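1. Got a predicted structure here, sequence first:
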Amino acid sequence: DIVGFKPNGEIELIVECKAPQITISQETFDQIARYNMALKADYLMITNGLNHYICQLDYKNETYIFLKELPTH
């Protein structure tokens, strides 16, 4: 739903926004992960306006780390 860019034009963040009554589930994470296969963002965020989940992707180790908030640069 939202894409944030780095100054050099690369994608830094993808945000998937759901309605407040939608529970964030594994299916929601799978959806944003599918989008990111092509986009290769550094960070993914999912929100329903009430709950927010942010993860940083580690492509080298093929994993991700959940964060409490987006880092500031």
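-> Looks like it arrived, so ask away.
2. All the strands of the protein, in order from the start?
-> In the chain, the strands defined using DSSP state E lie at 2-5, 11-17, 43-47, 52-58, 63-67.
3. quick one, the third one and strand 52-58 angle?
-> Which is strand 43-47. The directions of strand 43-47 and strand 52-58 differ by 160 degrees, with axes from the mean of the first three to the mean of the last three C-alpha atoms, to 10 degrees as the criterion.
4. Identify the residues contacting Asp58.
-> 64-65 (C-beta atoms under 8 Å, 6 or more residues apart in numbering). No exception for glycine: its C-beta is placed from N, CA and C like everyone else's.
5. rewinding a little: now the strands of the chain in JSON lines, with mean pLDDT and distance to Thr28?
-> Formatted as JSON lines, the strands of the chain follow (pLDDT from 0 to 100; distance: least, C-beta to C-beta, whole Å):
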{"stretch": "strand 2-5", "mean pLDDT": "94", "distance to Thr28": "15"}
{"stretch": "strand 11-17", "mean pLDDT": "94", "distance to Thr28": "7"}
{"stretch": "strand 43-47", "mean pLDDT": "95", "distance to Thr28": "6"}
{"stretch": "strand 52-58", "mean pLDDT": "91", "distance to Thr28": "9"}
{"stretch": "strand 63-67", "mean pLDDT": "88", "distance to Thr28": "14"}
